[in-house]
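>>> dropping the sequence and predicted coords here.
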Amino acid sequence: MMAKNMLPLWEVFIRPRNGLSHKHCGSVHAADEVMALQAARDVYTRRGEGVSIWVVPSSAITASDPEHKDENFEPALSKVYRHPTFYDIPDEVGHM
Amino acid sequence: MAGVERRTLLAFLLRLADDHLILGHRLSEWCGHAPMLEEDLAMPNMALDLIGQARALYQYAAEVEGKGRTEDDFAYLRREREYTNCMMVERPNGDFAHTILRQLYFAAFMEPMWKGMLASSDEHLAGIAAKAVKEVAYHLRHAGEWVIRLGDGTEESAWRMREAVASLAPYVEELFETDEVTREIAAGGVASDPPSTRPAFDAILRPIFAEAGLEQVDVAHPKTGGRKGIHAEAMGFLLADLQFMQRAYPGMVW
């Protein structure tokens, strides 16, 4: 496949609206960052999904090892007190 | 309506609409066949932009004509000699380099035209232009970036781009033809006379060709005829495909 050998992979992040953060939505193949932005626009914003696009070389992302899943994430499961759900929020605060 | 004769405005609108419909149809032929998924979405996206522009122009043409014809009558039920698109847009897709270069030429031709029409004396046309300028700006960027990378890419991509330049060169001059229709349209402040937009076209292409390492080729005998309804062989096959449903099932609707 041409795309596999010659075109690196880019991760695409889209900001759906001003005030929201960019969210990962997929990846594209492209020769460089300019073409990656174009491809991301064509593939991921066809239905008005975004107001801003970031592309990042996939190779620049360091991912956690799935084998470390237990030691990474399980200790948090038993610590429900970290969720701020034990407080009464005064009505005046409104939506949080 | 602007201060030009109804039939002149109609002729102008149909030329413009036919350019967009035929190029949109050609580009749509890539759907499912593009060299990579990203372009398989990009090209039909742009085909839909072009067909959308064609629809707006045909709808307005139908109104200007005032004989009860609809956009579908114009798009699907005319004979080949009644289509007045330039010959560039009916050229077969060829390889990706041919297609991308054709898109670049047409976008570089239309960008200054649409920009001029933003200030058209014809308000309806100015409205169509307001939407189209954004679309054509992207088409230009998309095709331009590709031409640069293919021209300045591998040995194979570079010769394919050179082949595309040689093969499409005879069709460039026709874009800038002038006649009674374009001159009256320009005199009435509806749109620019194409020759006056040539410097803008050249200014768009020059840096792209320079960066791509491509050179324009001189053509002794440019092709002409499209604006009079005279087309190349490819046009008949294109229309057979485009018109099939309405010819086989007259009046069929979605």
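Happy to help now that I have it. All of these numbers come straight from a predicted model, not from anything done at the bench. Numbering: from 1, shown residues only, chains lettered A, B, ... in the order given.
>>> touching chain A at all, the helix or strand where B:Glu163 lies?
Secondary structure from DSSP states H and E places B:Glu163 in helix B:155-168. No: residues of helix B:155-168 are not located near chain A by C-beta under 8 Å from any C-beta of the partner chain, the shortest gap being 10.3 Å. Every residue, glycine included, has its C-beta placed from N, CA and C.
>>> just checking, what packs against that helix?
In this structure, helix B:155-168 packs against helix B:96-117, helix B:123-151, with contacts taken as 3 or more C-beta pairs under 8 Å, 6 or more residues apart in numbering or on different chains; DSSP states H and E.
>>> so the residue positioned nearest the centre of chain A: helix, strand or coil?
What sits nearest the mean C-alpha location of chain A, by C-alpha atoms, centre = their mean, is A:His24, with 2.6 Å. Three-state assignment for A:His24 (DSSP: H, G, I helix; E, B strand; the rest coil): strand.
>>> near chain B, which residues of chain A show up?
A:2-3, A:7, A:28-32, A:34-35, A:38-39, A:41-43, A:46.
>>> just the closest of the residues you listed to B:Asp193, please.
Within these, the smallest distance to B:Asp193 is 32.8 Å, found for A:Gln38 (C-beta to C-beta).
>>> for the closest one, which non-adjacent residue is closest in space?
B:His142 (5.8 Å; C-beta to C-beta, 6 or more residues apart in numbering or on different chains).
>>> for that neighbour, what are its contacts?
A:Gln38, A:Asp42, B:Ala42, B:Met46, B:Gln103 (C-beta atoms under 8 Å, 6 or more residues apart in numbering or on different chains).
>>> closest to B:Pro222 out of those residues?
B:Gln103 (19.8 Å).
>>> may I have the secondary structure class of A:Glu11?
Assignment for A:Glu11 (three-state DSSP): strand.
>>> hey, where'd the helices end up in chain B?
Using DSSP state H, the helices found in chain B span residues B:6-28, B:37-65, B:71-76, B:96-117, B:123-151, B:155-168, B:180-187, B:198-212, B:233-248.
>>> cool, chain A as well?
Under DSSP H, chain A gives helices at A:2-6, A:33-44, A:69-77.
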